[in-house]
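Student: Structure of the sequence below:
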Amino acid sequence: MRPAVHVVPRGRAAFVAAAGAAAALLVAGALALAHEGHGALETKGASVAGDTVRLSPEARKAIGLKVADVEIATLEAVLRVNAEVFLPPDREAFASTRVDGRVVALLARPGQTVEAGAELARVESLELETLALDLIQASSELTFAKKELERLDALVKQGLAAAKDRLEVDAQARELEVRIDAARRRLLAVGISADEVDRALTEGKPVRTLAVRAPIGGLVTHADLEVGRFVETTQHLFHVADLREVWIAGFVPQDRAAAVEVGALVRASFAAYPGRTFAGKIDRVTPAVDPRTGARRVYAAFANDADIPLKPGLAGVLEIVTARAEDATAAPLSGVASDAGSTFAFVEESEGTYKRRELVLGIRANGLVEVKDGLFPGDRIVSDGKHQLAALFVVGVLRLSETARKNLGVETEVVDLRPVEKVERGVGRVTVPTGREAAVSSRIHGKVRRVLKNVGEAVSPDEPVIEVESLEVEGLEIDLRRETLRLELARATLERLQKLAGEGIPAQREVLKAERELRAIENAVASLRRRLEALGVSPDDIERAATKGETSPVVVIRSPLPFPSLVRARAAIPGQVVRPGEALVEVAALSPLWVVGAIAQESVGAIRAEAPVRARIAALPERTIDGKLAFTTHTLDEVTRTLPVYAEIPNQDGTVLPGMRADLTVVLGAAEEVVAVPRPAVGSLGGRMFTIVEKGGGTFERIPVEVGRVDDRFAEVRKGLFPGDRVVVRGVEAVRAALASVR
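Tutor: Model (predicted):
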């Protein structure tokens, strides 16, 4: 979309009509023109002396002369782009059940506002009941084992029972304690509270239902269930959205992407809310251009108004302030004129006396323009009749002042001997090199607990990016804790048996049996540790689960890239069910980058390894980036008969983005030096080539030239120029237009 401007005025432009009339004088052509040196020419109502014009009242009336005030104002350059309201990914979440079962109660419906942790539904589960019954049964058996142990302790003291019998019952009791600990942890892991577990043990009644709770507070926007329906852990049952804050995304065309930065002021408007403007600033930008739309997304966060809520999906317009001048000297655009390369205004010095002043301009706003040099607040300039005054000045040759050169962006270079290379040029697109981007994915079934990095944020090697909650992992950790306790118990049992064996009490086969059981448990512990490592659980977390019983369903997923990167895209929200290998976040290192282009088959034989390349990014037209040819494919494209090539370019400052269009030049061979000029210096008019040469005294002249070989940087000039000539290389079209206006 086109850039626009916005003005915040501090004063009111006053337009004053000049008095007098001199129509007969001007119509008859009696108003004479000044000569090249701006000498004074007296007429019947007008005279020119240098840069000053004097008009009689009759002449002012004849041309309808009016003046306007120069004032102080705050001016803004504004880029208007399409926009859409989005829900921030951390302000929405899915709710699902932790066990398979049947819905027995539906406690929340779409449109209802809920608090975080509120019950949304209850699910009756046979799996849950089985877990609870196992806990109750183990607790009952432990109570019996402890009583039996007390009885055996008394009998052993009286010499009526063998120590071996007591040892067996003690081992059974310890096994039951381990079993109870594991069963309790499993119930807590699926969401049963500690109070509910204790109540089940006290009353001896199993827990049969589990609450599905809201992961965040907000509005229930979707509910995919009804009473009596069987649901599974892989289903999203509810969607909850916290609408207190929304993002407004603006879609910035890639040719303006470099002008938009984090922190820029923005204003959003929507047809749904006529007359209402939402002001904020850009909070984040995506580190890529969408290759389908050619746009870069920028995001601004807005607190939602309860009276005028911004709903996700709402389309509108986003105004991005790309430049701002506060307390600027602002002149009405109607009072600014351009002629023969100069930008100027006629300042009223006294009634009927007007002086031409060259101007340096800045931001243009609705009807106003920032004047950086040439005017002051309080000046009065001619707004109507300026063209008639400008016609009083005859310009026989184009001579640009320093101010005019600055306004036109004119730069010159000396004609010299330069190498014009043999090159192949084509159009390409920027992409991330293979091996420098990666998908952050889970190795297990589970649900997203938290996303620690958002789009555009920096990521260090091995830095945590996502937390995934997995009952599978916690179940394995519980098993590891159980087997670790059993291992300790087996070792203690073996030591006691070996001690008693020395006294001739147990048979040797019982010691051998205990040794076999110990080895089996050691293998089980080692196997569980390996499985947890394979699922991405850190060694420290594994050790804590095994030795301290600190189990957790949370697995931290880290960046797989060995170098710094950025989050390029995010597809995960809290509560989302994930599968192994599913891409949740994309990270990419943005330096170096590749430009993928193609060369004609006629040039394939001239391609050499690591040939120099030059890339010109469409969004950064002032830059030429030097790189090298990374590699080419081994086959030509069947349709275009071109050879795909991959060029590597540096991008330390991060201004080049994946998805941007680029012009790619591959150097096929060097060349001898010839008289040449930069390519922008050569223009075309009516099929004829020309350059604009700066003559003495700051004057300019259009010179026809004959052009020979051309590469992406220089054009050989065979006729028309000589080494030492100075040609315009920037602002060529502006100077050409100025030459055309010379009278």
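
Student: use CA for all of it now, contacts and neighbours both
Tutor: Noted.

Student: Show me the residue sitting in the middle of this protein in space.
Tutor: The chain has Thr286 as the residue nearest its centroid, 1.1 Å off, counting by CA atoms, centre = their mean.

Student: so what's that residue up against?
Tutor: The contact partners of Thr286, taken as CA atoms under 8 Å, 6 or more residues apart in numbering, are Arg296, Arg297, Val298, Val455, Gly456, Arg568, Ala569.

Student: how does it look with 10 Å?
Tutor: 296-299, 454-457, 566-569, 657 (CA atoms under 10 Å, 6 or more residues apart in numbering).

Student: Check Arg718 too.
Tutor: Val674, Val675, Ala676, Val705, Glu706, Val707, Gly708, Arg709.

Student: burial count for the third one?
Tutor: It refers to Ala676. Neighbour count of Ala676, defined by other CA atoms under 10 Å: 27.

Student: That one - that's part of a helix, no?
Tutor: No: using DSSP: H, G, I helix; E, B strand; the rest coil, the assignment for Ala676 is strand, not a helix.

Student: For whichever strand or helix holds Gly627, enumerate the helices and strands it packs against.
Tutor: Using DSSP states H and E, Gly627 maps to strand 625-632. Strand 625-632 makes packing contacts with strand 593-600, strand 612-617, strand 642-649, strand 661-669 when contacts are defined by 3 or more CA pairs under 10 Å, 6 or more residues apart in numbering; DSSP states H and E.

Student: can you count the residues close to Lys499?
Tutor: Neighbour count for Lys499, taken as other CA under 10 Å: 13.

Student: Could you look up the SS state of it?
Tutor: The three-state assignment at Lys499 reads helix, by three-state DSSP.

Student: So for it, what pLDDT did the model give?
Tutor: pLDDT recorded at Lys499 is 80.

Student: Need the distance between the two termini of stretch 668-675.
Tutor: Between the opening and closing residues of stretch 668-675 there is a gap of 20 Å (CA to CA, to the nearest Å).

Student: Please apply the same query to stretch 691-706.
Tutor: OK, stretch 691-706 end separation, CA to CA: 10 Å.

Student: Check what contacts it and list those residues.
Tutor: 397-402, 405, 412-415, 677, 680-685, 688-690, 715-721, 725-729, 732-733, 735-736, 738-740.

Student: Buried members of those residues into PyMOL, please.
Tutor: Here is the PyMOL selection string for the buried members of the contacts of stretch 691-706, based on 16 or more other CA atoms under 10 Å:
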select buried, resi 398+399+400+405+412+413+414+415+677+680+681+682+683+690+715+716+717+721+726+727+728+729+732+733+735+736+738+739
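
Student: just checking, which of the contacts of stretch 691-706 belong to strands?
Tutor: 398-399, 412-414, 677, 683-685, 688-690, 715-719, 726-729 (DSSP state E).

Student: Looking at the record's assignment, how would you partition the protein?
Tutor: What automatic domain parsing lists as the domains of the chain is 1-18+64-78+260-395, 92-240, 411-420+673-740, 422-432+590-669, 472-552.

Student: I'd guessed Val240 sits against Ala118; true?
Tutor: No: using CA atoms under 10 Å, Val240 is not in contact with Ala118, being 11.4 Å away.

Student: With neighbour numbers in mind, choose between these two.
Tutor: Legend: neighbour count by other CA under 10 Å for Val240 and Ala118, higher for Val240 (27 against 16).

Student: Would you agree that one falls within a strand?
Tutor: Yes: residue state for Val240 (three-state DSSP) corresponds to a strand.

Student: what's the closest non-adjacent residue to it?
Tutor: Among residues not flanking Val240 along the chain, Val220 sits closest, at 4.5 Å (CA to CA, 6 or more residues apart in numbering).

Student: Just name whatever secondary elements the helix or strand that contains the one you found is in contact with.
Tutor: Val220 is part of strand 218-223 when elements are defined by DSSP H and E. The elements that strand 218-223 packs onto, with contact taken as 3+ CA pairs under 10 Å, 6+ apart, are strand 92-95, strand 113-114, strand 238-241.

Student: For the stretch 1-150 of the chain, which segments count as strands?
Tutor: For the stretch 1-150 of the chain, applying DSSP state E, counting those that start in this stretch gives strands covering 3-9, 15-17, 46-49, 52-55, 66-69, 71-86, 92-95, 101-106, 113-114, 119-124.
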